[in-house]
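**Q** Return atomic coordinates for the entry below.
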Amino acid sequence: MDYSIKGNDILVHENDFDLDDTLDCGQAFRWKKIDYDYDCTYEGYFINDYLRISQTKKGEFIFHDTDENTFISKWLDYFDFNTDYSELKRQFSEDETLSKACKFASGIRLLKQDSWECLVSFIISQNNNIPRIKGIIDRLCDHYGGEFPAPQQLAKETPDSLAYLRSGFRAKYIADAANRTAEGTTDLAAIAKMPIDEARTELKKILGVGPKVAECVLLFGMYRTEAFPIDVWIKRVLAEYYPDGFPSFAARDAGIAQQYLFHYIRNLK
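**A** Residues are numbered from 1 along each chain as shown. Take a look at the predicted model:
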């Protein structure tokens with residue numbers, strides 16, 4: 001990844017990146033595609049830090065109104081620019097199906113999200129579709145002045161007071177996650193450093209957090225790339241292409257491999 005400064009913008013050159021592949025693949029829910037001066041522009045947030053980013057036809061990425069310090073301290077890590085995705089895809093391509101998936105959506109990158117925001121987002125995602133998930137999160141942020149609430153703020157809510165979210169059964173799960181995190185019963189920073197099986201167990205102590213949500217939080221909110229979320233699409237992939245098990249050579253970064261497979265099979269079928 002190379003970058004340069006042009007006025008108030010940061011210009012990034014990165015071959016293994018595509019905004020649609022990365023920001024609209026179901027790993028984060030606070031990004032929206034907007035009309036702007038470029039063919040592809042998104043605006044969104046990492047916690048409460050706003051960004052407008054564009055992709056040009058030449059494959060250049062424009063971080064609008066971003067200074068170098070902010071780019072290096074926040075967005076460089078958030079978009080995982082220090083990871084060599086070309087090498088990851090080369091390794092994954094030892095497998096025929098993964099090779100096809102990597103070529104189909106070659107611009108996917110894993111976003112390094114905040115663990116708390118990720119936890120709440122994937123609690124909301126249960127038995128839900130992406131537009132509705134985004135709507136619930138928008139209503140939550142609007143209620144708190146446009147910002148994603150901290151655990152201590154959200155812990156003051158009850159399932160009844162969260163009725164404005166129109167999140168249904170998920171309200172009690174959100175309230176429990178907020179209370180546990182605010183009081184320290186659930187320590188997300190400590191969980192992120194635990195052996196993976198211990199981390200899974202701790203996350204599943206939160207009301208409503210099952211195996212899939214726990215894996216999503218580990219992968220997207222804690223950058224545990226060995227985590228492997230399994231939904232209906234990935235179940236189909238495993239049944240059809242990997243009846244004898246997922247390739248062991250990809251186990252260390254199975255979560256990143258899963259992103260390519262998820263996007264591939266969802267669009268292929």
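**Q** where do the strands sit along the stretch 151-269 of the chain?
**A** In chain order, the stretch 151-269 of the chain shows no strands, with DSSP state E, counting those that start in this stretch as the criterion.
**Q** just for it, where's the confidence low?
**A** Counting by pLDDT under 70, the stretch 151-269 of the chain has low-confidence residues at 269.
**Q** Relative to residue 266, how far out is residue 55?
**A** Separation of residue 55 from residue 266 (Cβ to Cβ, to the nearest Å): 21 Å. Placement of C-beta: from N, CA and C, glycine included.
**Q** More neighbours: which of these two?
**A** Applying other Cβ atoms under 10 Å to residue 55 and residue 266 shows that residue 55 carries more neighbours, namely 21 against 17.
**Q** Can you pull the phi and psi angles for that one?
**A** Summarising the backbone geometry of residue 55 under the convention degrees, to the nearest 10, its torsions are phi -120, psi 130.
**Q** wait, what's in contact with it?
**A** The contact partners of residue 55, taken as Cβ atoms under 8 Å, 6 or more residues apart in numbering, are 18, 19, 38, 39, 40, 41, 61, 62.
**Q** mind listing the helices for the stretch 1-150 of the chain?
**A** When assigned using DSSP state H, counting those that start in this stretch, the helices of the stretch 1-150 of the chain occupy the ranges 19-23, 68-70, 76-78, 85-92, 96-104, 115-124, 130-143.
**Q** Give me the contact list for the second one.
**A** The reference is to helix 68-70. 5, 10, 49.
**Q** What is the burial count for residue 86?
**A** 11.
**Q** who's in contact with it?
**A** Going by Cβ under 8 Å, 6+ apart, residue 86 touches 15, 16.
**Q** where's it relative to residue 247, distance?
**A** Using Cβ to Cβ, residue 86 is found at 19 Å from residue 247.
**Q** how many neighbours does the nearest residue to residue 268 once chain neighbours are set aside have?
**A** Taking Cβ to Cβ, 6 or more residues apart in numbering as the measure, residue 268 lies nearest to residue 104, with 7.5 Å between them; neighbours along the chain are not counted. A total of 16 residues lie near residue 104 under the criterion other Cβ under 10 Å.
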